[in-house]
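Undergrad: Next input, structure requested:
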Amino acid sequence: MSDLHVDALDAEDAKLATLARGAAGRVQQTTGAAVRDGIGRTYASAAVDLPSLQLTALQAAVAQAFAAGADKLEAAVLFGTASDDDGLQAAREISADLTVWSVIRKEVTRLA
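TA: Predicted coordinates:
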């Protein structure tokens, strides 16, 4: 269990939590993710579950950032899940030192 509450996140990371929650809600998913690149642009996604393509929410958000030319990620937020090994691996391929938070309900855990 986390000792942190979503209100304890700084403003930029709280924005990522809001974007991740919104991405999940738009498509009635329980999980979402958002990332912030090195110049402050944000990308958010829910999981993709198509017959021909499956991506976790974080993989999809990282793919959007990479496709937009991001060469650095500063932070990521997972919403509704405590982990995403495949998504974290993808994010670390762009930036090994990014900060990653998991938000479940309003409890926050730092993953990296």
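Undergrad: List the residues that contact A46.
TA: With contact taken as Cβ atoms under 8 Å, 6 or more residues apart in numbering, A46 is in contact with A23, A24, R26, V27, Q29, T31, G32, A57, A60. (C-beta placed from N, C-alpha, C; glycine too.)
Undergrad: swap in A33?
TA: So A33 contacts 20, 23, 44-45, 56-58, 60-61, 76-79, 84, 87 (Cβ under 8 Å, 6+ apart).
Undergrad: Try it again at 6 Å.
TA: Contact criterion Cβ atoms under 6 Å, 6 or more residues apart in numbering gives A20, A57, L58, A61, L78 as the residues in contact with A33.
Undergrad: coming back round to it: which single one of the contacts of A46 is nearest to G38?
TA: Minimum distance to G38 across the contacts of A46 is 19.2 Å, recorded for A60 (Cβ to Cβ).
Undergrad: Next up, identify which helix or strand the closest one is on.
TA: helix 57-67 (DSSP states H and E).
Undergrad: now do the same end-to-end measure for stretch 38-46.
TA: Stretch 38-46 has an end-to-end distance of 22 Å (criterion: Cα to Cα, to the nearest Å).
Undergrad: Now do that stretch, average pLDDT.
TA: When pLDDT is averaged over stretch 38-46, the result is 97.
Undergrad: Could I get the buried residue list for the longest helix anywhere in the chain?
TA: Across the chain, the helix with the greatest residue count (assigned by DSSP state H) is helix 11-26. Going by neighbour count (16 or more other Cβ atoms under 10 Å), the buried part of helix 11-26 is D13, A14, K15, L16, A17, T18, L19, A20, R21, A23, A24.
Undergrad: Tell me which other helices or strands that helix touches.
TA: Helices and strands touching helix 11-26, as assessed by 3 or more Cβ pairs under 6 Å, 6 or more residues apart in numbering; DSSP states H and E, comprise strand 32-37, strand 42-46, strand 73-79.
Undergrad: So for A67, which of these sits nearest?
TA: Set against A67 and scored by Cβ to Cβ, those come closest in strand 42-46, at 9.1 Å.
Undergrad: ok, that closest one: who's next to it in the sheet?
TA: Its sheet considered, strand 42-46 pairs with strand 32-37 (antiparallel) by DSSP bridges.
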